[in-house]
Structures are given as structure tokens and as C-alpha cells.
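got a predicted structure plus its sequence, pasted below:
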Amino acid sequence: MTADLPNELTELLEKIILDSSVFSEHRNLQNQLILMAIKADRTQVMEYISHLDSCDAPDIADIAISNALYEEAFTIFCKFTADASAVQVSCFGLSVGPCHPLPNCVLVIAKGA
């Protein structure tokens, strides 16, 4: 069993979730798609975050942080208006490596303050 299964499963989940179907808003499937991308293809994580709205944002963001995906975690917290958490991620990300906050998120944080 040396097949490249994560990529095949990711493609299948993309078709089910991103191509408008009855499963498009299914929270667990959205979670699984993002988690698989975190493990198998980090370049897709930000794209999935921008398209998906029904995932378990705090849990996914915590997993992103534990995998050093600070910008992705920051974006998740901003998108789902967890302003205090976004600021913590920004500060944490800056202390361990480059973190580039998104301009629209800065506005969200300013409005929440």
C-alpha cells in the first residue's frame, strides 16, 4: 500500500465540497479537507480557508499553529472574528518567524477593539 492516497482523497473531497453539492456545507468534510491539506499539501491550505465557511475554525486554527502555519491560523481567526486569538497568533508568529498580517484583518481587529 504505497499509493499516494492523501492526494487522491484530497481530490475527491475537493470535488465533493468545492463543486457545489449537497455536501458542500458539511462541517466534518470541510474539516477533513483542510486537515489533509495541512498534512499533505500545505500550499492549498490558504485557498481552502478562503473558500470554506463551515469548518470548526478554532480547532483548525490550533492545528495550523501546531504545524507552523501561522498566517493560515491568523486568517482563520480573522475570518471567523476571533480577534483576540488573531492578535495572539500574530504576536506569536512574529516571535518565531515571519508573519504577514492581512490588511483586512487589521481592520477587523481594530473594529473589535
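Arrived safely, thanks for sending. Residues are numbered from 1 along each chain as shown.

any low-confidence regions in this protein?
Across the chain, the ranges flagged by pLDDT under 70 are 1-4, 81-113.

cutoff 80 now
For the chain, the stretches with pLDDT under 80 are 1-6, 81-113.

phi first, then psi, for Ser24.
phi -60, psi -40 (degrees, to the nearest 10).

how about it, nearest residue that isn't a chain neighbour?
Ile17 (5.6 Å; C-beta to C-beta, 6 or more residues apart in numbering). Any C-beta I mention is one placed from the backbone N, CA and C, and that applies to glycine too.

that neighbour: neighbouring residues, count only.
Neighbours of Ile17 under the rule other C-beta atoms under 10 Å: 21.

then Arg27?
12.

that one: what's it in contact with?
Arg27 makes contact with Ser54, Cys55, Asp56, according to C-beta atoms under 8 Å, 6 or more residues apart in numbering.

might one say that the first one is in contact with His26?
To tie it back to what came earlier, the one meant is Ser54. Yes. The pair Ser54 / His26 is scored as a contact, 7.1 Å apart, by C-beta atoms under 8 Å.

for Asp62, give its distance to Glu8.
27 Å (C-beta to C-beta, to the nearest Å).

sorry, slip of the keys, the one I care about is Val45.
18 Å.

more crowded one of the two?
Taking neighbours as other C-beta under 10 Å, Val45 and Glu8 compare with Val45 leading, 25 against 10.

and that one, what helix or strand is that in?
If you go by DSSP states H and E, Val45 is part of helix 45-51.

ok, Ile34 next?
In this structure, Ile34 sits in helix 27-40 according to DSSP H and E.

dump stretch 66-77 to CSV, restricted to CA.
Presented in CSV, the C-alpha positions along stretch 66-77 are these (Å, rounded to 0.1, in the frame of the first residue of the first chain):
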residue,chain,number,x,y,z
SER,A,66,0.9,23.4,15.8
ASN,A,67,2.1,22.8,12.2
ALA,A,68,3.8,26.3,12.0
LEU,A,69,1.1,27.6,9.6
TYR,A,70,0.8,30.9,11.5
GLU,A,71,-0.6,33.0,8.6
GLU,A,72,-3.2,30.4,7.9
ALA,A,73,-4.2,30.4,11.6
PHE,A,74,-4.3,34.2,11.7
THR,A,75,-6.5,34.2,8.6
ILE,A,76,-8.9,31.6,10.2
PHE,A,77,-9.3,33.7,13.3
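
thank you, goodbye.
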